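Novice: Quick one, fold the following:
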Amino acid sequence: MTSGRVIVLSAVALAVQTILLASVVAWEFGVFGPSRSPFVSDFPSFYAAGSLALQGLPELAYDETAHWFAEQAIGGEGPYVYFFYPPPFLLLCAPLALLPYWVAFGLFEAASLAAYTYVACRIAGPKWCLPALAFPAVFWCAGLGQNSFLTAALFGAATLLVDRRPIGSGALFGLLCYKPHFGLLVPIALAAGGHWRAFFATGATLCGVIGATVGLFGFEPWLRYTEALSAAARVYGSDTILLAGYVSPFGAARLAGMAAGEAMTLQLLVSLATAAIVARVWQQKTRQPLRAAVLIGGTLLSVPVALLYDLTLVSICIAWLVRDAAGYGFLPGEKWLLTIIYLLAFITLGAGWLLHDPAGVFAPAIILGVSLRRAKMLV
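Specialist: Numbers count the residues shown, from 1 in each chain. This is a model prediction of the structure:
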């Protein structure tokens, strides 16, 4: 598994997945038969929320009926896509809603994909461009119009800067507030590692973003958002969201047949254990690539709602491990473990849907194990 072979295999995987995605898009638009609604994606939720904000009604993004009608006004009959993002995300959705729908969709995905790829290549080097693009979660994110490229880019850039430019790193960590549960372990890591400038920069950015939303939209969207969180718990605790698409311990437990309460208890235990591991690794001043991989991979294990497109974060973890291996060499079996992660990302939905096998949750678990082994904290 040399670098040359990895690049060739990545090029093949990229071509195959591009053809598959293009075929699905063509099928959605009726090229192979009767057309389906083009809104079988998540982006209508973002666009509709932005449209409501532009109309001076940002609080209605958290009203299911009003938001549903806003989605339908985009055009076509599609399934309702929930909006459970806090008001900071409206700061991005509103400008996108100024553009025609498909222009906004394409611009958002292309720009965030470029950011994700750039950050991955800054971490692992230019040769990592093809493996980063060929990672299977990339196609789920692009096809569904999701925002995981942005999340991965922010995480990757923030961990890249944390030692050299802590204030910039903290600002990037603070911007994760648009998806707040993904910032769960960030303050733990920064405090444990003594990165106080980054810690306070994260808090200052968070306060600034919240202040901007209040200044532009008022307090009402925040009140409605807090009310919507109870609905979010109901939706994610039921089978409304396809369980096969989860990559978290909570989703794995639900897929295995556990009740929502039992699955959440298991998730809490995993989250506490992962938080302790992250704190320990950062406290010991472990090498930067390993700290970054543990934090990002641990985040996926610590949040109950992580779906298959969120595995783009795992790609950033792999980039960090490749960077560390460039200086210290690969340990026996590591290359194949990282290859298995690509396969897991590819089969996650199918394995969950057909076999009730929670394959996706093993990807961040393997990342955590490889990182701890490299840090000599795991034999």
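Novice: Need the CA coordinates for stretch 78-98. PDB is fine.
Specialist: What follows is stretch 78-98 as a C-alpha-only set of coordinates in PDB (Å, rounded to 0.1, in the frame of the first residue of the first chain):
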ATOM      1  CA  GLY A  78     -40.700  16.900  -1.500                       C
ATOM      2  CA  PRO A  79     -40.500  15.300   1.900                       C
ATOM      3  CA  TYR A  80     -40.200  17.700   4.800                       C
ATOM      4  CA  VAL A  81     -36.600  18.300   6.000                       C
ATOM      5  CA  TYR A  82     -36.300  19.500   9.600                       C
ATOM      6  CA  PHE A  83     -34.300  22.500  10.600                       C
ATOM      7  CA  PHE A  84     -32.700  22.100  14.100                       C
ATOM      8  CA  TYR A  85     -29.800  24.400  13.600                       C
ATOM      9  CA  PRO A  86     -29.300  27.400  16.000                       C
ATOM     10  CA  PRO A  87     -29.600  31.000  14.700                       C
ATOM     11  CA  PRO A  88     -25.900  31.400  13.800                       C
ATOM     12  CA  PHE A  89     -26.500  29.100  10.800                       C
ATOM     13  CA  LEU A  90     -29.100  31.600   9.600                       C
ATOM     14  CA  LEU A  91     -26.200  34.000   9.000                       C
ATOM     15  CA  LEU A  92     -25.000  31.600   6.300                       C
ATOM     16  CA  CYS A  93     -28.400  30.500   5.000                       C
ATOM     17  CA  ALA A  94     -29.800  34.000   4.500                       C
ATOM     18  CA  PRO A  95     -27.100  35.100   1.900                       C
ATOM     19  CA  LEU A  96     -27.500  31.800   0.100                       C
ATOM     20  CA  ALA A  97     -31.200  32.400  -0.200                       C
ATOM     21  CA  LEU A  98     -30.500  35.600  -2.200                       C
END
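Novice: center of the protein - which residue?
Specialist: By C-alpha atoms, centre = their mean, the mean C-alpha position of the chain lies nearest to Asp310, the distance being 3.3 Å.
Novice: separation between that one and Thr202?
Specialist: Shown here: Asp310 relative to Thr202, a distance of 21 Å by C-beta to C-beta, to the nearest Å. For the C-beta atoms, the positions are set from N, CA and C on the backbone; glycine is no exception.
Novice: One more: Pro180?
Specialist: Relative to Thr202, Pro180 is positioned 12 Å away (criterion: C-beta to C-beta).
Novice: got it, and Trp320?
Specialist: Here the distance between Trp320 and Thr202 works out to 20 Å (C-beta to C-beta).
Novice: Tell me how many other residues crowd the nearest residue to Asp163 once chain neighbours are set aside.
Specialist: Computed as C-beta to C-beta, 6 or more residues apart in numbering, the closest residue to Asp163 that is not its neighbour in sequence is Gln288, at 5.8 Å. Residues near Gln288, counting by other C-beta atoms under 10 Å, number 17.
Novice: mind checking pLDDT for Gln288?
Specialist: Gln288 carries a pLDDT value of 95.
Novice: what's the answer for Leu14, then?
Specialist: Leu14 is assigned a pLDDT of 82 by the prediction.
Novice: who touches it in this structure?
Specialist: In this structure, Leu14 makes contact with 130, 133-134, judged by C-beta atoms under 8 Å, 6 or more residues apart in numbering.
Novice: just to revisit the earlier point, the residue nearest to Asp163 touches Val162, doesn't it?
Specialist: Yes: shown here, Gln288 and Val162 form a contact pair, counting by C-beta atoms under 8 Å, at 7.4 Å.
Novice: returning to what we had before: now do the same contact list for the residue nearest to Asp163.
Specialist: With contact taken as C-beta under 8 Å, 6+ apart, Gln288 is in contact with 159, 162-163.
Novice: so where's the chain shaky on pLDDT?
Specialist: Within the chain, the ranges that satisfy pLDDT under 70 run 26-40, 76-77, 378-379.
Novice: Summarise which helices and strands the host helix or strand of Gly350 is packed against.
Specialist: Counting by DSSP states H and E, the secondary-structure element that holds Gly350 is helix 334-355. Counting contacts by 3 or more C-beta pairs under 8 Å, 6 or more residues apart in numbering; DSSP states H and E, the secondary-structure elements packed against helix 334-355 are helix 312-328, helix 362-374.
Novice: I'd like the ones you listed laid out as a markdown table, including mean neighbour count and distance to Gly125.
Specialist: Formatted as a markdown table, these follow (neighbours: other C-beta atoms under 10 Å; distance: least, C-beta to C-beta, whole Å):
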| stretch | mean neighbour count | distance to Gly125 |
| --- | --- | --- |
| helix 312-328 | 24 | 7 |
| helix 362-374 | 22 | 18 |
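Novice: Need the three-state assignment for the nearest residue to Leu60 once chain neighbours are set aside.
Specialist: On the basis of C-beta to C-beta, 6+ apart, the spatially nearest residue to Leu60 that is not a chain neighbour turns out to be Ala66, at 3.9 Å. With DSSP: H, G, I helix; E, B strand; the rest coil as the basis, Ala66 sits in helix.
Novice: Check the burial of Ala66 by counting its neighbours.
Specialist: Applying other C-beta under 10 Å, we find 15 residues neighbouring Ala66.
Novice: Wait, it touches Ala53, no?
Specialist: No: if you go by C-beta under 8 Å, Ala66 and Ala53 don't touch, sitting 12.0 Å apart.
Novice: ok so, going back, next, work out how far apart the residue nearest to Asp163 and Tyr80 are.
Specialist: When C-beta to C-beta is the yardstick, Gln288 and Tyr80 sit 43 Å from each other.
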